[in-house]
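K.L.:
predicted model and sequence follow; I will ask about them next.
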Amino acid sequence: MADPTAGAGAGSGRPGSGRQSSGRQGSGRQGGDPGVPEALPRVLLKLRDRLGVDSLDRLWIFPPVRTGRREQGLVAVSTFLDAAADRRSMVTVAYKAEHTGKGVTVEPTFTREGEAVPDLLPRVIQGVVRRGGDEKGEAREVLVERSAEAFEELLEEYDAVFLEVLER
């Protein structure tokens, strides 16, 4: 696995897949603030490019905090370790995004948090939710399990316009 810090379950809804879908994303508002609907899908693309789908076990996507045309959010990522099948690495991707007069800025920060057995990670996430209080909200668990198809199904939940990443 590439070092995610260098420089920086829902899904298909198919019966029996263990995944649930919450429908299309990207156009909802939180408390009347539009936030930056492009932010999360762009973060997911950067996450895919940085870590590689073949290393992804599961994601926990926390609801973003929105203020006007600004947004900040967190995605926790469980990744497979090459050497240890019984352990996972936890990477967090915190992001800040803003609509400015010049377009959209999305700034993710990748942090390797440590390693643990896979069964421990959901409890860690529950602890984050508890400590974050009502403001943080429940994390959405997305099973990827090294599946490019599962990751693409997640991306399909977002409007295509939000997936366009403009290099500036």
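P.N.:
Yep, it's here.
K.L.:
from here on, contacts and neighbour counts on C-alpha atoms
P.N.:
Will do.
K.L.:
just want the most central residue of the chain.
P.N.:
Central residue of the chain (CA atoms, centre = their mean): Val75, 3.7 Å from the mean position.
K.L.:
got a list of contacts for the helix or strand hosting it?
P.N.:
Per DSSP states H and E, Val75 falls inside strand 70-80. Strand 70-80 is contacted from outside by 1, 35-36, 39-40, 55-66, 87-99, 121, using CA atoms under 8 Å, 6 or more residues apart in numbering.
K.L.:
now that strand: mean pLDDT?
P.N.:
Strand 70-80 carries an average pLDDT of 96.
K.L.:
centre of the chain versus that strand, how much separation?
P.N.:
4 Å (CA atoms, centre = their mean, to the nearest Å).
K.L.:
toward the C-terminus, what is the element adjacent to that strand?
P.N.:
Remark: after strand 70-80, the chain's next helix or strand is strand 88-100, criterion DSSP H and E.
K.L.:
dump that next one to PDB, keeping only the CA atoms.
P.N.:
What follows is strand 88-100, C-alpha atoms only, in PDB (Å, rounded to 0.1, in the frame of the first residue of the first chain):
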ATOM      1  CA  ARG A  88      -6.000  -3.000   9.200                       C
ATOM      2  CA  SER A  89      -4.500   0.500   9.000                       C
ATOM      3  CA  MET A  90      -6.800   3.400   9.800                       C
ATOM      4  CA  VAL A  91      -6.400   6.500   7.700                       C
ATOM      5  CA  THR A  92      -8.500   9.600   8.200                       C
ATOM      6  CA  VAL A  93      -9.200  12.100   5.500                       C
ATOM      7  CA  ALA A  94     -10.300  15.500   6.900                       C
ATOM      8  CA  TYR A  95     -11.300  18.100   4.300                       C
ATOM      9  CA  LYS A  96     -12.200  21.700   4.000                       C
ATOM     10  CA  ALA A  97     -14.000  23.000   1.000                       C
ATOM     11  CA  GLU A  98     -15.300  26.400  -0.100                       C
ATOM     12  CA  HIS A  99     -17.100  28.000  -3.000                       C
ATOM     13  CA  THR A 100     -15.200  31.200  -3.900                       C
END
